[in-house]
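J.: Build me a model:
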Amino acid sequence: MTRTQVQIIERILAAIPIMLGVVIFAFLFMRMIPGDPVDIMMGEAGGVTLEEMDFLRAQFDLDKSLPVQLVRYLGRLAQGDMGYSIQRARPVKEVILEAIPATIELALFSLILALIVGIPLGIASARRQNSLVDRFGMTASFLGISMPAFWLGIIGIIVFSLRLGWFPTSGRIIYGMEPATITGLMTLDAFITGDTQAFRDALRHLILPAGTLGAGVAAVVARVTRSSMLEALKTDYVLFAKAKGVPEASVVIRHALRNALIPTVTVVGLQMGTLLGGNMIVETIFGWPGLGRIVVDAIFSRDYPLVQAAVMVYALTFVVINLATDILYTYLNPKMTL
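T.: Have a look, this model is predicted:
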């Protein structure tokens, strides 16, 4: 094996105790929240006897001591069993696998929008430092960072959905228009199957929440790209390329941008983890049927197994994305190692 492959394996092994710590923390944290999940669930049903409630507590190990619950949970988890959702009466694994595609689609589209806006804006600001373009770009990025996602989402719904009627207020696609499931990503499945009507409708539902979620990321990417481009444009190899008469577009793209992208890759990697794990507010506002919205509902209903599994998925996402970011580093700059 090469040195890089060995380092990747070492990073994966080092992530195991981290994941174990996250699982234990989520388990203990949920038990610290006041409220009994069985009381909440049976209170909604009504007319339930104490014997039936005790039976449910025993079924979910809630009648056992905390150490016993933890040991049994870790034992089942080691066998690939994430548990049974108290609120949804379904295996947790099924609930998460059903919701993850919606979250991934929203996060990917948000990231694409952020890169399309942020990188060109950062490059333009760096090339025309202290100009009107630079001041406009930095003002826009400052506003993007400053505006909370919940406020931006509500304003977007009021303006673009209720007043202008351009986009739907919630949901992922009109009921009955869903394309054949291939990847679980509505837009991609509609594109693959050639269902143009479903593709347009899925895209209309996606634009507003993705724009809300990606606004802050675009602002961060623009500022980091501008800063790194300013440094790259002052390096000797860029000045030498300009002196040789290399076209400015080639100097910017081929010589300056590749080196300037290294800090941007770091930010994009961190922001991608945030997009996947921190989209609960946006999914709740827009009624997006992703993992974030499910977790919010599960927290309020004290659905311990579902919340614990979701936290584990979020932590695993951050670990994988950080590893992928480090591997991409070595491609952009071969001098760097994992």
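J.: In stretch 223-233, which residues are buried?
T.: Applying a neighbour-count criterion of 16 or more other CB atoms under 10 Å, one finds 223-230, 232-233 buried in stretch 223-233. All C-beta spots, glycine's among them, are computed from the backbone N, C-alpha and C.
J.: My error: substitute stretch 253-264 in the last question.
T.: Of the residues in stretch 253-264, 255-257, 259-261, 264 count as buried by neighbour count, 16+ other CB under 10 Å.
J.: ok, residues contacting it?
T.: With CB atoms under 8 Å, 6 or more residues apart in numbering as the test, stretch 253-264 has contacts from 119, 122-123, 221, 224-225, 227-229, 231-233, 235, 237-238, 241, 246, 329, 332-333.
J.: same question, stretch 153-168
T.: 169, 204-205, 207-209, 211-212, 281-282, 285-286.
J.: just checking, next helix/strand downstream of the helix or strand of the chain with the lowest mean pLDDT?
T.: Within the chain, no helix or strand scores below helix 37-45, which has a mean of 62 by mean pLDDT, DSSP states H and E. Later in the chain than helix 37-45, the nearest helix or strand by DSSP states H and E is helix 50-59.
J.: so what secondary structure elements neighbour that following helix?
T.: Secondary structure elements in contact with helix 50-59, counted by 3 or more CB pairs under 8 Å, 6 or more residues apart in numbering; DSSP states H and E, are helix 37-45.
J.: Name the residue closest to the centre of this protein, please.
T.: L276 (1.2 Å; CA atoms, centre = their mean).
J.: Wasn't that one part of a helix?
T.: Yes - when DSSP: H, G, I helix; E, B strand; the rest coil is applied, L276 is found to be in a helix.
J.: residues touching it, list them.
T.: By CB under 8 Å, 6+ apart, the contact list for L276 reads 103-104, 107, 314, 317, 321.
J.: Hmm, A26 is touching P305, no?
T.: No - using CB atoms under 8 Å, A26 is not in contact with P305; the gap is 10.5 Å.
J.: Comparing those two, which residue is more hemmed in?
T.: P305 (26 against 19; other CB atoms under 10 Å).
J.: Buried residues in the helix or strand where that one lies, which are they?
T.: Using DSSP H and E, P305 falls within helix 304-332. Across helix 304-332, burial judged by 16+ other CB under 10 Å covers 304-315, 317-319, 321-323, 325-326, 328-329.
J.: same check, this time on stretch 186-206
T.: For stretch 186-206, by 16+ other CB under 10 Å, it's 186-191, 195, 198-199, 201-203, 205-206.
J.: now T181: how far from L108?
T.: Counting by CB to CB, to the nearest Å, the separation of T181 from L108 is 17 Å.
J.: Would you mind getting the angle between the helix or strand hosting A14 and helix 304-332?
T.: For A14, the element it lies in under DSSP H and E is helix 3-32. If you take axes from the mean of the first three to the mean of the last three CA atoms, to 10 degrees, helix 3-32 sits at 160 degrees to helix 304-332.
J.: roughly how far is helix 3-32 from the heart of the chain?
T.: Relative to the centre of its chain, helix 3-32 is centred 19 Å away, using CA atoms, centre = their mean, to the nearest Å.
J.: Run through the stretch 101-250 of the chain and note the low-pLDDT ranges.
T.: Of all residues in the stretch 101-250 of the chain, none has pLDDT under 70.
J.: how about the helices in it?
T.: For the stretch 101-250 of the chain, the helices defined by DSSP state H, counting those that start in this stretch occupy 132-146, 149-156, 186-193, 196-232, 236-243, 248-250.
J.: Include distance to K64 when you put those helices into CSV, please.
T.: Rendered in CSV, the data for those read as follows (distance: least, CB to CB, whole Å):
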stretch, distance to K64
helix 132-146, 47
helix 149-156, 39
helix 186-193, 42
helix 196-232, 40
helix 236-243, 65
helix 248-250, 67
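J.: before we move on, back to that, can you give me the buried ones in the helix holding A14?
T.: Buried residues in helix 3-32, counted by 16+ other CB under 10 Å: 7-8, 15, 22-23, 26-27, 30.
J.: between these, which is nearest K64?
T.: F27 (12.9 Å; CB to CB).
J.: and the closest one, how far is that from P91?
T.: Here F27 is placed at a distance of 18 Å from P91 (CB to CB).
J.: Check S170 too.
T.: 27 Å.
J.: again, but for M138
T.: 49 Å.
J.: and if you look at L66?
T.: 24 Å.
J.: The two: which has the busier surroundings?
T.: P91 (16 against 10).
J.: For that one, give me the backbone phi and psi.
T.: Per-residue torsions, P91: phi -60, psi 140 (degrees, to the nearest 10).
J.: Show me what it is bridged to.
T.: Beta-bridge partners recorded for P91 (DSSP bridges): Y84.
J.: That one and M82 touch, don't they?
T.: Yes - the pair P91 / M82 is scored as a contact, 7.2 Å apart, by CB under 8 Å.
J.: end-to-end on stretch 283-298?
T.: Start-to-end span of stretch 283-298 (CA to CA, to the nearest Å) is 14 Å.
J.: Tell me the buried residues in it?
T.: Judged by neighbour count (16+ other CB under 10 Å), stretch 283-298 contains these buried residues: 283-286, 288-295, 298.
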